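**Q** quick one: sequence and predicted model below, then my questions.
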Amino acid sequence: MAGAQNAVYQILSRNLAHGSLRPGAEIGVRADQLLVQDGTGTMVFLHLQRLNPPRLKGKLAVCYVDHNTLGDGGPENADDHTFLKSACAHYGLIFSRPGNGIGHQVHLERFAEPGRLLLGADSHVVTMGGLGMLAIGTGGLELAVAMTGVPHYMICPAVVRVVLNGRLRPWCSAKDVVLHLLSMMAGHSWTGMALEYCGEGVKQLSVPQRATIANMGAELGLTTSLFPSDEVTRGWLVAQGRGRAYRRLNVSARAEVADEIVLDLGTVEPMVALPPSPLKAVPVRQVAGLPVQQVAVGSCTNGSFEDIAQVALLLRGKRITPDLDLVVAPATRQAQRLMLQRGYLQALVEAGARLAEPACGFCIGQGHAPASGTVSVRTVNRNYEGRCGTRDAQVYLVSPLTAAACALRGQLCDPRDLRRQRPRLTLPRRFPVDDSLLLQPPPGNRRRRIEIIRGPNIIDPPRSEPLPTSLEGVITLKLGDQVTTDHILPAGPYLKFRSNVQEYAWHTFKGIDPRFVHRAKDIQKRGLANVLVAGQGYGAGSSREHAAMCPRHLGVRVIMAKSFERIHLSNLIHHGIVPLTFIDPRDYDRLRQEDDVELPWLVAELRRSSLVTVRSHGRGYELKLKHSLSRRQVDILLCGSLCDYVCRK
Ligand code: MIC
Ligand code: SF4
């Protein structure tokens, strides 16, 4: 007899608009809630203006200003905020003002609902899985299209159950659990998979702790991670004054799943992810003693009140080591206010910490870039090379308790080696709720009259052209494995160009090959296509569609890789770049940068088979690569972009 339906499919089937729930099948879903943030959101609204829907059909949609908050070096950030605020009022979204906090944590506190489906233009929207909400990251254009009421198309994930048994040992926390899991699961491809958590061990994890674990599933390329909604969830929602949002969601140990992972929480130790990947996690003791110059606590992974308060309690009455910089950023204004009320911010300041505003900040290289060649210990989720703003800094990822211990010792250390009692934190029965920085849109009939205000840096994205029947081009760049979207298009100081693709494009592959843009433009001028070659996991990390739009603007029309990450793959298709994968990985070795290439029957082959011919006259080879595009995706590519496809329909 077939087992019961798993929890992920229970939610998907409630929201299913097209297709059937089979792992790997293309399905269409309609979401209950939508989320955008400022870094991806300006483009979402520019797409919406082009799509020009008569009205939006989303249910609850929120736009958070959390990435671009510094406003340094010019008016671009503030202009983006004005644009977003007016666009939210025009289209009917709630606008979360700068200072209100990081979207994922604010959403968890104020809007997330168990048993419901959320789509968000950010890879870490999956944080909401901690509350039993099925949350899926998308590209910006996809989200704009979903806002118009068109179903969102995605690959139905295969579900893997994670059974958490046992109890966490003192000083071990949710971050250690997820780093432990990442180290266990690294080395396999998890693209197209979703995790659902169950087991006795889940009950001892609070909602923010579950959210930390769900958050970092993004680092494995998972579609999402889901926790049950139980009495812990109910208690947390009640403390947020949202008890009515509670709905039970069982994750059954008997439901039908593709695979199962079992973890005894009692075996988890304080962990650290070594640079340059969150997947390179080892027990902290293996690297204890390494001198540390900076500690940064915060982000959507570990910026909850619980996380920051524990750091304050551990540092209370002490001073951090003099040669080290400690920066602390509560993730939300609510956490910040509670820290103030309880005197915890004072404890941090007295210990020598620098306080930062509730925003992404140092997590995305916006401020607090470490000194050259130094070690920075952070509670964030990604430590890719250069993401912190300093190319040769070494970033280590740890839990808040381990971060605090490092701040006291001035070196990487296992917090158990402090030989102290773990601080005891009592959580409030009621969190201080103040939604005054969440601006509600005006009633429907008044919205359309509200003008959308565009600053001079907010530029319409380039128009796309249909895919030509055959292509001639040059391999302008050959890349290795694990090229992340941070490598393709860095954030940090260039984040302010998120609303200006033409300008942002000048920074494409900047950290990898500063000559790339000039080469690509030369090839483009000669009327040829730019073709990229990449290894495994091309496009891992962020959902930023600019990592597809900017290369496309520079004339990239085909990327041949060993494999692609999920959200980036959609972004490529939706912006008119053909993703092809190697059938034989040795073919990757045959291709060289500067090879002339021709795809003589591109469109015919995309339409008729799963193989595409690539040949080089200069080098004398002919290869077959494959694609796994659905009929719909081929049609999108032929139109040039999802925007054109939807408009045509
Ligand atoms: C990230 O953590 O990399 C970001 C910045 O939040 C991105 C979104 C973006 O690039 O705007 C993400 O995770 O999708
Ligand atoms: Fe912001 Fe960092 Fe979270 Fe991305 S991972 S949403 S940059 S805090």
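**A** Here it is on my side, so go on. Ligands and ions are numbered 1, 2, ... in the order given.

**Q** need the residues of this structure near ligand 1, please.
**A** Applying Cβ under 6 Å from any ligand atom, one finds that the chain approaches ligand 1 through 39-40, 67, 122-124, 364, 491, 541-544. C-beta here means a position set from N, CA and C on the backbone, and glycine is covered the same way.

**Q** what about P514, how many neighbours?
**A** For P514, the count of nearby residues is 10 (other Cβ atoms under 10 Å).

**Q** P322 too?
**A** 7.

**Q** begin at 42 from now on, thanks
**A** Okay, residue one is now 42; in that scheme the one you just asked about reads as P363.

**Q** identify, from the residues of the chain next to ligand 1, the entry nearest to M234.
**A** Taking Cβ to Cβ as the measure, M234 sits nearest to S164 out of the residues of the chain next to ligand 1, at 14.9 Å.

**Q** please name the residues that touch the most centrally placed residue in the chain.
**A** The residue lying closest to the centre of the chain (Cα atoms, centre = their mean) is S164, at 2.1 Å. Contact analysis of S164 by Cβ atoms under 8 Å, 6 or more residues apart in numbering lists 178, 259, 582-584, 608.

**Q** buried ones among those residues?
**A** Among those, those classed as buried by neighbour count (16 or more other Cβ atoms under 10 Å) are 178, 259, 582-584, 608.

**Q** dump the contacts of S164 into CSV; add distance to G276, secondary structure and pLDDT as well.
**A** Formatted as CSV, the contacts of S164 follow (distance: Cβ to Cβ, whole Å; DSSP: H, G, I helix; E, B strand; the rest coil; pLDDT from 0 to 100):
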residue, distance to G276, secondary structure, pLDDT
G178, 28, strand, 98
A259, 26, helix, 98
G582, 34, coil, 95
S583, 33, coil, 96
S584, 32, coil, 96
I608, 33, helix, 98
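
**Q** farthest-separated two in those residues?
**A** Maximum pairwise distance in those, criterion Cβ to Cβ, is 10.6 Å, between G178 and G582.

**Q** list the residues that contact E154.
**A** Contacts of E154 (Cβ under 8 Å, 6+ apart): 73-74, 172, 174, 286, 288.

**Q** whoops, V390 was the one
**A** Neighbour list for V390: L396 [criterion: Cβ under 8 Å, 6+ apart].

**Q** can you do 10 Å?
**A** V390 makes contacts with 353, 369, 396, as judged by Cβ atoms under 10 Å, 6 or more residues apart in numbering.

**Q** got it, and L267?
**A** Residues in contact with L267 (Cβ under 10 Å, 6+ apart) are 47-49, 51-52, 155, 167, 169-176, 200, 203, 235-239, 251, 255, 258, 290, 292.

**Q** mind doing that once more with 8 Å?
**A** Neighbouring residues of L267 by Cβ under 8 Å, 6+ apart: 48-49, 52, 170, 173-175, 235-238, 255, 290, 292.

**Q** swap in T168?
**A** Taking Cβ under 8 Å, 6+ apart as the test, what T168 contacts is 145-146, 148-149, 176, 252, 255-256, 341-342.

**Q** try it again with 10 Å
**A** Contact analysis of T168 by Cβ under 10 Å, 6+ apart lists 143-146, 148-149, 153, 159, 161, 174, 176, 249, 251-259, 266, 341-342, 422.

**Q** looking at those, which are in strands?
**A** Using DSSP state E, the members of the contacts of T168 that fall in strands are 159, 161, 176, 266.

**Q** the first one contacts G144, correct?
**A** No: the criterion here is Cβ atoms under 10 Å, and L159 misses it with G144 at 11.2 Å.
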